[in-house]
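Trainee: Structure of the sequence below:
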Amino acid sequence: MTDFFALYDALLEEIPPQPITALLPGSFWTGVETQEALGLAMTTPGDTAPPALPRWESAATLAELAPGIKSWNFREATAAMAAVNAHYNTPGRLARMHAGEPFDNYCTRGLDLRGKTVGVVGHLRMPESIRREAGRFFILERSPQPGDYPDSACDALLPGCDVVILTACTLVNKTLPHLLELCAGAYTILAGPTCPLCPRLLDFGIDRLSGLVITDRQAMKQRISQDLPGPPYPTGQPFLLTKEAL
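Mentor: Numbers count the residues shown, from 1 in each chain. All right, here's what the predicted structure looks like:
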């Protein structure tokens, strides 16, 4: 890999000095709010490494906080990812890009999975039809449940997959650059509420972006403050952006 952080730099290119009105840390979800939007990221635990931005918790603008996505302190990186999404995942941007997608369509809409080998990195909620259609189906997970493969199997299994769905939490824990190398021969989808609506990501071996724009801020802020687990899709509008549509 020539530049580990090239993908992250692409995300940071257009982050503006927009004022942050609230930083909302939670056990399951972290939010960063501006006047325009509420950006969201799944909270990734890990606070042992020194922060990249010593005063990140008091950052005044998105441009000040967002560079923390490169941090190996995952609490900082989670907040920075939420700041990035406060810029990209806005109702206005969603409307301009015509990327709204019904949740039931899921990120595989239009893909023929019959007989294909499908790998999923992370526990993403998805229709059971995907398992039924696929010829072979793997879930690879850092905290595996019964039937899952540990994420240490990624190097062995992902190069043989036809379709790979990656949780966007891999942006926060910095496994995404290597995972994309492993998926070079696959049709690759970055998915989940942490995913940014940023077309530049499609220049890095990703074929689809599937995420969430928060439209009911109060409901989402309540979920964060009450530490409610589970997918936050009822509080927003899912999106799907495909390389083919650009």
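
Trainee: What segments of the protein are helices?
Mentor: All helices of the chain, identified by DSSP state H, fall at 6-12, 62-65, 74-88, 91-97, 128-133, 154-157, 169-172, 176-182, 217-225.

Trainee: Identify, out of these, the most deeply packed stretch.
Mentor: Per-stretch averages of neighbours, counted by mean count of other C-beta atoms under 10 Å, single out helix 74-88 among the helices of the chain, with a mean of 28. Where C-beta positions appear, they are placed from N, C-alpha and C, glycine not excepted.

Trainee: Just the C-alpha atoms of it, please, in PDB.
Mentor: Provided in PDB are the C-alpha atoms of helix 74-88 (Å, rounded to 0.1, in the frame of the first residue of the first chain):
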ATOM      1  CA  PHE A  74     -10.800   5.000  18.600                       C
ATOM      2  CA  ARG A  75     -12.900   7.200  20.900                       C
ATOM      3  CA  GLU A  76     -11.400  10.200  19.200                       C
ATOM      4  CA  ALA A  77     -11.700   8.600  15.700                       C
ATOM      5  CA  THR A  78     -15.400   7.800  16.400                       C
ATOM      6  CA  ALA A  79     -16.200  11.400  17.100                       C
ATOM      7  CA  ALA A  80     -14.200  12.500  14.100                       C
ATOM      8  CA  MET A  81     -16.100  10.100  11.900                       C
ATOM      9  CA  ALA A  82     -19.400  11.600  13.200                       C
ATOM     10  CA  ALA A  83     -18.000  15.000  12.300                       C
ATOM     11  CA  VAL A  84     -17.200  13.800   8.800                       C
ATOM     12  CA  ASN A  85     -20.800  12.500   8.500                       C
ATOM     13  CA  ALA A  86     -22.200  15.800   9.800                       C
ATOM     14  CA  HIS A  87     -20.900  17.200   6.500                       C
ATOM     15  CA  TYR A  88     -21.700  14.400   4.100                       C
END
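
Trainee: the inter-axis angle of that helix versus helix 217-225?
Mentor: Computed with axes from the mean of the first three to the mean of the last three C-alpha atoms, to 10 degrees, the direction of helix 74-88 lies at 170 degrees from that of helix 217-225.

Trainee: ok so, going back, between the helices of the chain, which one is closest to T117.
Mentor: For the helices of the chain, proximity to T117 was assessed by C-beta to C-beta; helix 154-157 is nearest, at 8.7 Å.

Trainee: okay, the closest one in CSV with CA atoms only?
Mentor: Taking C-alpha atoms only, helix 154-157 is exported to CSV below (Å, rounded to 0.1, in the frame of the first residue of the first chain):
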residue,chain,number,x,y,z
CYS,A,154,-10.4,-12.2,6.3
ASP,A,155,-7.0,-12.7,4.6
ALA,A,156,-7.9,-16.3,3.8
LEU,A,157,-11.6,-15.9,2.8
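
Trainee: mean confidence for it?
Mentor: Across helix 154-157, pLDDT averages out at 97.
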